[in-house]
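*Asks:* Fold the following and give me the result.
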Amino acid sequence: MGGFVPWNSQPLHTWAELHAPGKFLQTDGYSTHYIEKGQGEPVILVHGFFYDSYMWVRNIDALAEHFKVFAIDLWGSGYSSRMPAKHGYPLYADQLVKFMDAMGIDRASLVGQSMGGGVCIHFTAQNRHRVNKLILVSAKGLPGPLPAMGRIALLPKVGESLMGLRCNLPRRMLLRSVWFHDKALVTDDYFENVTRFHKICGTTDIGLQLMRDHASLGTLLEDIISLGRMRVPALLVWGRQDRAVPLELGQQMHAILRGSRLEVIERAGHCPQYEQCELFNQLALHFLLLGRPSGARVEGRRRRVLQ
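*Replies:* Next comes the predicted model:
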């Protein structure tokens with residue numbers, strides 16, 4: 001067995017040839033890695049900060065029973081290109097436009113977690129005609145406090161030192177302290193799958209830029225207000241124990257997005273789609289299938305805690 005592979009050290013193309021599980025799409029000379037499953041109306045899954053398309057590993061198959069599902073890696077994450085431009089909502093919304101155009105997708109439903117939820121909000125505010133429904137999971141967009149690890153990363157050179165250590169401890173602590181309510185879920189196998197792409201050159205620098213640059217991942221209040229006026233069909237899903245984007249922010253977003261639905265999942269943190277995947281999948285499918293002329297149904301017990 002080989003030794004420890006340093007973070008931020010591997011060429012993108014070499015690492016992608018070894019580990020990328022999906023397909024690649026070239027647009028304007030840049031590559032988007034994506035996973036594609038199922039048939040039917042398109043649903044696009046947009047991962048959050050620190051993650052790539054592996055975030056949806058417990059959700060893709062369930063959604064693909066009824067829809068054509070695409071889980072994309074945002075530029076700077078996973079096995080997609082590391083861009084020379086500043087990474088943030090405008091760049092990612094542009095990536096989504098290019099992806100949909102190249103794939104011949106006129107309209108899709110969007111599912112985004114945390115930063116990915118912010119991407120979906122920003123995209124929809126600019127391209128309402130291309131979005132059927134929105135599912136926002138612990139979505140960024142309203143002003144809120146940074147978790148302690150995020151505040152540490154803002155300190156000059158401290159983030160670089162911590163994330164450059166030849167060990168797993170800082171990243172494992174970040175997952176356990178910020179993303180999960182049930183820390184036992186952060187197994188060795190899960191950690192390896194989530195952070196494998198962090199070995200690619202440029203990944204650490206982009207991650208620190210995103211944490212530090214409030215212009216990239218700051219408030220989307222104007223976009224959220226615009227969506228409220230548009231009355232976009234929206235399902236908000238929050239973990240009761242979310243420490244990264246507290247439930248109070250989800251309740252505020254729900255109040256602004258008129259006609260939206262807020263579902264609170266117990267015993268879940270910032271990744272309810274993973275911690276309580278069966279309930280999340282039921283909620284997501286019920287919402288996405290609602291109103292379809294086929295009358296498709298999703299069987300199973302579902303509990304709406306807050307509407």
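*Asks:* So, low pLDDT: which residues of the protein?
*Replies:* 1-2, 149-150, 153, 214-218, 293-307 (pLDDT under 70).
*Asks:* how about a cut-off of 50?
*Replies:* 1, 215, 295-307 (pLDDT under 50).
*Asks:* Mind naming the longest helix for it?
*Replies:* helix 89-103 (DSSP state H).
*Asks:* For that one, which helices and strands make contact with it?
*Replies:* strand 23-27, strand 30-37, strand 42-46, strand 68-72, helix 115-126 (3 or more CB pairs under 8 Å, 6 or more residues apart in numbering; DSSP states H and E). C-beta coordinates here come from the backbone N, C-alpha and C atoms, glycine included.
*Asks:* ranges for the helices of this structure?
*Replies:* Along the chain, the stretches classed as helices by DSSP H are 12-19, 60-64, 89-103, 115-126, 148-153, 158-163, 169-174, 188-195, 203-212, 214-217, 221-230, 247-256, 272-275, 277-289.
*Asks:* among those helices, which is nearest residue 32?
*Replies:* Across the helices of the chain, residue 32 has its closest neighbour in helix 89-103 (5.6 Å, CB to CB).
*Asks:* ok, and what's touching that closest one?
*Replies:* With contacts defined as CB atoms under 8 Å, 6 or more residues apart in numbering, helix 89-103 is touched by 25, 27-28, 32, 34, 44, 46, 70, 72, 74-75, 83, 85, 105-106, 108, 118-119, 122-123, 126-127, 130, 216-217, 220.
*Asks:* Now, of the residues you listed, which are buried?
*Replies:* 25, 27, 32, 34, 44, 46, 70, 72, 74-75, 83, 105, 108, 118-119, 122-123, 130, 216-217, 220 (16 or more other CB atoms under 10 Å).
*Asks:* if I pick the most centrally placed residue in the chain, what's in contact with it?
*Replies:* Centre of the chain computed as the mean C-alpha position; nearest residue by CA atoms, centre = their mean is residue 47, 2.0 Å away. For residue 47, the contacting residues are 53-56, 71-74, 77-78, 113, 115-116, by CB under 8 Å, 6+ apart.
*Asks:* Distance of the closest residue to residue 81 other than its chain neighbours relative to residue 126?
*Replies:* The shortest distance from residue 81 to any non-neighbouring residue, by CB to CB, 6 or more residues apart in numbering, is to residue 30 (4.2 Å). Applying CB to CB, to the nearest Å, the value for residue 30 to residue 126 is 20 Å.
*Asks:* Same question for residue 98.
*Replies:* For residue 98 relative to residue 126 (CB to CB), the value is 14 Å.
*Asks:* try residue 22
*Replies:* 26 Å.
*Asks:* do residue 283 as well
*Replies:* On the measure of CB to CB, residue 283 and residue 126 end up 27 Å apart.
*Asks:* Over to residue 54?
*Replies:* Applying CB to CB, the value for residue 54 to residue 126 is 28 Å.
*Asks:* likewise residue 258?
*Replies:* Residue 258 is 19 Å from residue 126, by CB to CB.
*Asks:* Kindly report the same for residue 85.
*Replies:* 17 Å.
*Asks:* Residue 7 against residue 163, yeah?
*Replies:* Yes: assessed by CB atoms under 8 Å, residue 7 is found in contact with residue 163 at 6.5 Å.
*Asks:* shared neighbours, those two?
*Replies:* What both residue 7 and residue 163 touch, as defined by CB under 8 Å, 6+ apart, is the set residue 204.
*Asks:* OK, contacts around the closest residue in space to residue 207 that isn't next to it in sequence?
*Replies:* Spatial nearest neighbour of residue 207, chain neighbours left out: residue 50 (6.9 Å); criterion: CB to CB, 6+ apart. Taking CB under 8 Å, 6+ apart, we find residue 50 in contact with 174-175, 179, 194, 207.
*Asks:* For those, give me a markdown table that also has distance to residue 144.
*Replies:* Below are the contacts of residue 50 laid out as a markdown table (distance: CB to CB, whole Å):
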| residue | distance to residue 144 |
| --- | --- |
| 174 | 17 |
| 175 | 19 |
| 179 | 15 |
| 194 | 23 |
| 207 | 19 |
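*Asks:* out of those, who has the most neighbours?
*Replies:* residue 179 (28 neighbours; other CB atoms under 10 Å).
*Asks:* Leaving out chain neighbours, which residue sits closest to that one?
*Replies:* residue 270 (4.6 Å).
*Asks:* Residue 288 is in contact with residue 69, isn't it?
*Replies:* No: the pair residue 288 / residue 69 is not scored as a contact, 10.4 Å apart, by CB under 8 Å.
*Asks:* Report the buried residues of the longest helix of the chain.
*Replies:* 89-96, 98-100, 103.
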